[in-house]
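Engineer: Here is the input, now give the coordinates:
(chains A and B)
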Amino acid sequence: MSIKPVRTRFAPSPTGRMHIGNARSALYPFLLARHLGGTFILRIEDTDQKRFELGAEQELIDGLHWLGLNYDEGPDIGGPHEPYRQTERRAIYHEHAWKLVELDKAFPCFCTSERLGTVRQEQLKNKQNPRYDGLCRTLDSDEARRRVNDGEKYVIRFKMPKEGSITTADILRGSITTENSALDDTVLLKSDGLPTYHLGAMVDDHEMQITHVIRGSEWLPSMPLHIHVIRAFGWDEPVFAHLSVFLKPNGKGKMSKRDRADDMKDGHSIFLGDMKELGYIPEGVLNWIALMGWGVAEDDVMTMNQMIERFSIDSLTPSPAAINFQKLDHFNATHIRLLTTDDLAARIKPYFTREGLNVDEEVLLKVVPLLRERLVTLDDCLSFGSFFFKDNVTPAPEDLIAKGLDAVQSAQVAQRAYEILSAQPTISHERCEPPLRAYVEESGLNVNQVFGILRVAVTGQKVSPPLFESMEIIGREKCLLRIKNAIEVLKKM
RNA sequence: GCCCCCAUCGUCUAGUGGCCCAGGACGAAGCCCUCUCAAGGCUUAAACCGGGAUUCGAAUUCCCGUGGGGGCACCA
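Structural biologist: A predicted model of the protein is given here:
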């Protein structure tokens, strides 16, 4: 047996926004290809003209790039098996569909959708399984040809054997045997000349020499049909792995796009475009998605290279997984902490500038180490660190009053601190903390009261990065000014 | 209605007949550290869906229930 080079693919249809389900369907084949030194392909399955959405393909491509799931062949970069967009491969499907007719494995069907609808209703009424009643299956082939040539509308259906059974294999679940009598004469080529998934995907996977098909479990029931089609052509069968579906966070029901509104309210979304907006980084998203449906024994935090190194197709899990946004937050925060200072600086800078803040690179580089371990999402940098880039801050007056003190006492504390700090030629962690701690000692107050007042005065907020490191970055002049302002505010209360 | 798949802590999972009074991670609780918030360290609570069968021995194999999910289009 010859070892074929591994080729995998992500074959989405451009019918909507890219969500985490799509991302995972792209991730696993990508990982498999990279792990085995194979090729990863992007193929666009745009044969449904009704559900087609302009811009969806670009969103898919953007999402893949954002995640770093770069493909070796695809519609925008070409490759040895182009085109990679199914609507541009019409002739190929047409030819293959008729090949099957010649082989007596398929037949042209002229039934109208009206008649099919009536038949289906009748079957349902009689509690029978809805399926094609076989009217055109026995049509004389010459007559069928004639009608086709006369321009009559037709589809091509698979001629499912009436008897026997077929055994198919899913690498995660083992073999599954299905009675052919339970299968239908499914449409392979639509009357608009484009293939259904059942023909299009099989033809392309063969032509593009795909060795491992990793796809959603919604395809599991039609796998017998797919194997029938592949065998009818006499082709080799790829390895199949069907991924489980994503469940809603509560575990009840399949994840759906309708939940988006609720998710966005608490800062979460299943759409990649939204996630980027919300401050999630690709490393975190990837790690999160990877672990839903892939069993890794220990050490959950992985970089892309570690994922590639450890991936194997049979460590995928067959059971449905409920999405858990808390875990996403954890992975995102963890990967943010893994970023270098320069990298993180570059990633959070846009959040500040978008707010109209003037970002000094040198200051930013000093701020990043203080922010790093406090960020869950990138946009958290705003609530934690905007004050670094503002000329002045406007704390809420009541926040300036320390616990257990009143406004007058708080003003006195601020005044004393001001004196201590202004006695220093420069403000640094080393210079400021000792004298202020000494003051805390002699005043009989506690550090939370004294440092708390200063924190609010200098940063404008009750929660901030460490006080003295922050003051050092802000600088002597601004710090003193802000404390002075705070004293004024307190005096007016 | 019919067909198919799945089933370990709340969640994601490890586990391929003895190493399991079931391991890790998120989350939760507590403690430590601490100028706030985090991060970090330590600790605790928390699961093999039920019933049969096979076996000296079952989370692990088989059967039946139950629960959950998917599919039955000229959609993918």
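Engineer: Taking the stretch 251-400 of chain A, what residue is nearest to RNA strand B?
Structural biologist: residue A:295 (1.9 Å; C-beta to the nearest atom of the strand). All C-beta spots, glycine's among them, are computed from the backbone N, C-alpha and C.
Engineer: For the stretch 1-150 of chain A, what lies in contact range of RNA strand B?
Structural biologist: Contacts of the stretch 1-150 of chain A with RNA strand B, taken as C-beta under 7 Å from any atom of the strand, map to A:11-13, A:15, A:45, A:47-48, A:50-51, A:111-113, A:116, A:120, A:127, A:129-132.
Engineer: Give me the subset of the residues you listed lying in helices.
Structural biologist: A:113, A:116, A:120 (DSSP state H).
Engineer: Show me which of these are buried.
Structural biologist: By neighbour count, with 16 or more other C-beta atoms under 10 Å, those hold residue A:116 as buried.
Engineer: Can you tell me how far the residue nearest to residue A:308 when sequence neighbours are not counted is from residue A:300?
Structural biologist: With C-beta to C-beta, 6 or more residues apart in numbering as the criterion, residue A:308 has its nearest non-adjacent residue at 4.5 Å, and that residue is residue A:34. For residue A:34, the distance to residue A:300 (C-beta to C-beta, to the nearest Å) stands at 20 Å.
Engineer: got it, and residue A:267?
Structural biologist: As judged by C-beta to C-beta, residue A:267 and residue A:300 stand 22 Å apart.
Engineer: go on, residue A:382?
Structural biologist: The spacing between residue A:382 and residue A:300, counted by C-beta to C-beta, is 28 Å.
Engineer: Next: residue A:398.
Structural biologist: Taken as C-beta to C-beta, the span from residue A:398 to residue A:300 is 43 Å.
Engineer: Compare these two and say which is more crowded by neighbours.
Structural biologist: Neighbours were counted for residue A:398 and for residue A:300 using other C-beta atoms under 10 Å; residue A:300 has more, 14 against 9.
Engineer: Excluding residues flanking it in the chain, which one is nearest that one?
Structural biologist: Spatial nearest neighbour of residue A:300, excluding adjacent residues (C-beta to C-beta, 6+ apart): residue A:291 at 6.3 Å.
Engineer: How many residues are close by the one you found?
Structural biologist: Around residue A:291 there are 18 residues (other C-beta under 10 Å).
Engineer: now the one 3 residues further on
Structural biologist: Taking other C-beta under 10 Å as the neighbour definition, residue A:294 ends up with a count of 21.
Engineer: From the residues of the stretch 1-150 of chain A next to RNA strand B, list the buried ones, please.
Structural biologist: Buried, going by 16+ other C-beta under 10 Å: A:11-13, A:45, A:47-48, A:111, A:116, A:132, out of these.
Engineer: Let me have these in TSV, adding distance to residue A:473 and pLDDT as columns.
Structural biologist: Formatted as TSV, those follow (distance: C-beta to C-beta, whole Å; pLDDT from 0 to 100):
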residue	distance to residue A:473	pLDDT
A:11	50	98
A:12	46	97
A:13	50	96
A:45	52	98
A:47	57	97
A:48	55	96
A:111	75	95
A:116	72	94
A:132	73	95
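Engineer: quick check, nearest of these to residue A:245?
Structural biologist: When these are ranked by distance to residue A:245 (C-beta to C-beta), residue A:12 comes first, at 15.7 Å.
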